[in-house]
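Engineer: 3D model of this:
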Amino acid sequence: MARFFQPKKKTQIDKKHQPVKIDRLDNHGAGIAYLNKKPLFVEGALPEETVLVQLAESKSKFARGNLIKVLDESPLRRDPFCQHYRDCGGCHLQHMDLDTQLEYKQQSLKQLMSKFAQSEVELQPTIQASDKGYRRRTRISLIVDKKTKQLQFGFRKKQSKQIVNIKSCPVLEPSLNALLPPLKSLLSELPCVANLGHVELVKADNTAILVVRHLKALDSKSHQALLDFASEHTLTLYLQSESDKLERMLGDAGYYQEAGAKVPFEPNNFIQVNQDVNRQMVEQALEWLAPQPQDRVLDLFCGLGNFSLPLAKQVDQVIGVEGVDDMVIKATNNAKENELDNAKFYQANLELDMSTQPWAEEKFDKVLLDPARAGAAGIVDQISELGAMRVVYVSCNPATLARDAQSLLSQGYQLEKLGMLDMFPHTSHMESMALFTKS
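Structural biologist: Prediction:
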């Protein structure tokens, strides 16, 4: 007997508005209520609030709802300071008191480390700076509306490709923020505007940088207009073609100073967006590592040398290892720029066995890790073999920090210090730092 496939009927979501009581927050800052005995995630809601929601998604084990109205408001609720808060995909915790944001993030970090690393330690004071005007770089999306022919200039809406048009961004560094209206006006008038992809603004210590991404070759009029704008506003201008090649057309290359070291960078290189917090982060990492003049230190995932260069000023030798060839070249040049001949940089896939690498032949006194969100799987299992007695782990993802901490603990290290870095105020994003020691 033949069997024919019959697709399951889609369950219709009940769109009726319904009140729910928020119990707590999840690790991304969304409120959690319970509806029909399963968790319902409501972004923008706070614990102890009763809110009116409309279901947007319903799965077998969870549901998501859109916040329609707050019926019983928490005393911790604050009016968002940005007019674009409800549409922009950025600072989604503005409805929460800043101290409460920090407390929520601290508790999230402690819970993750306790649950997965089975490690209890008192949190160190949080590293923080101003909660506004802190972003030293941003990317602005550009689209010409096909109907109105008007330029849309701004940030992506939440979970959408649509653009929220902006005139101001309160968390953007003030001099960059002041550029937004004249920059939009300039771009709107360019003959090539339909062929632009996005623009980027970056604040260096010595200049402000404008990057214009173009999908086709620029016409001469547009090219000259961009040069004139950059000259008028004392900007460094880069053009980025469809091949992603960067060309500096005007102005000086950017750099920033960190702990006595000069760190030159290109606008497509990774740098921390919050310079004040980065400065404190580097200072704390050096303090926790307790570098001594005779030390040999390994900096894994070293990037441009954000930690390596300041370390090299205090120890006998620093070895920086990075997976990207281009970063190794730039870090090497940055060491030369700072006249540091005791900092050497190597390219390696840090997920593989490092025992045969030339830089691993000698042991290290101390190790610093600053991996991407995926963590340090692979190399973290080899830390003890490298001989380090102190390990500082800087993390942008507490989940992978907790996972990698299990490996370090199994290698005989103890978690001595743990602290949070509020690199991105008004968001649920959390940076952290942990010190592991072996006696």
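Engineer: all contacts plus neighbour counts: C-alpha atoms, from now on.
Structural biologist: Noted.
Engineer: Could you pull out the buried residues of the worst-scoring helix or strand of the chain on mean pLDDT?
Structural biologist: Lowest by mean pLDDT, DSSP states H and E among the helices and strands of the chain is helix 98-116, with a mean of 90. By 16 or more other C-alpha atoms under 10 Å, the buried positions in helix 98-116 come out as 98, 101-102, 104-106, 108-113, 116.
Engineer: could you say what helices and strands the one helix or strand Ala33 maps to packs with?
Structural biologist: Per DSSP states H and E: Ala33 is located in strand 31-35. Counting by 3 or more C-alpha pairs under 8 Å, 6 or more residues apart in numbering; DSSP states H and E, the packing neighbours recorded for strand 31-35 are strand 18-21, strand 24-25, strand 38-42.
Engineer: from what I can see Gln314 touches Gln292, true?
Structural biologist: Yes. Judged on C-alpha atoms under 8 Å, Gln314 makes contact with Gln292 at a distance of 6.8 Å.
Engineer: Against His84, how distant is Thr148?
Structural biologist: Note on Thr148: its distance to His84, by C-alpha to C-alpha, to the nearest Å, is 22 Å.
Engineer: repeat for Ser308
Structural biologist: 39 Å.
Engineer: cool, and Ser407?
Structural biologist: With distances taken as C-alpha to C-alpha, Ser407 is found 43 Å from His84.
Engineer: Which one of Thr148 and His84 is surrounded by more residues?
Structural biologist: His84 (19 against 7; other C-alpha atoms under 10 Å).
Engineer: which residues touch the more buried one?
Structural biologist: For His84, the contacting residues are Val164, Ile166, by C-alpha atoms under 8 Å, 6 or more residues apart in numbering.
Engineer: Surely it is in a strand?
Structural biologist: No. Counting by DSSP: H, G, I helix; E, B strand; the rest coil, His84 is not part of a strand but coil.
Engineer: how close does it get to Phe270?
Structural biologist: 27 Å.
Engineer: likewise Tyr393?
Structural biologist: Separation of Tyr393 from Phe270 (C-alpha to C-alpha): 18 Å.
Engineer: More neighbours: the two, which one.
Structural biologist: Neighbour count, other C-alpha under 10 Å: between Tyr393 and Phe270, Tyr393 has more, with 24 against 11.
Engineer: Can you name the residues bridging to that one?
Structural biologist: For Tyr393, the beta-bridge partners are Leu369, Ala434 (DSSP bridges).
Engineer: Quick check: it touching Leu368?
Structural biologist: Yes. Tyr393 is within contact range of Leu368, at 5.9 Å (criterion: C-alpha under 8 Å).
Engineer: Okay, now the sheet partners of the one helix or strand Val321 maps to, with direction.
Structural biologist: Val321 belongs to strand 317-322 when assigned by DSSP H and E. Under the criterion DSSP bridges, strand 317-322 sits next to strand 296-300 (parallel), strand 343-347 (parallel) in its sheet.
Engineer: so which of those strands is the most packed in?
Structural biologist: The highest average neighbour count among those, using mean count of other C-alpha atoms under 10 Å, belongs to strand 296-300 at a mean of 25.
Engineer: Restricting to C-alpha, output the following helix or strand past it in PDB.
Structural biologist: For strand 296-300, the following helix or strand on the C-terminal side (DSSP H and E) is helix 308-312. Extracted in PDB, the C-alpha atoms of helix 308-312 (Å, rounded to 0.1, in the frame of the first residue of the first chain):
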ATOM      1  CA  SER A 308      51.400  42.300  23.900                       C
ATOM      2  CA  LEU A 309      53.000  45.700  23.400                       C
ATOM      3  CA  PRO A 310      52.300  47.000  27.000                       C
ATOM      4  CA  LEU A 311      53.500  43.700  28.400                       C
ATOM      5  CA  ALA A 312      56.700  43.800  26.400                       C
END
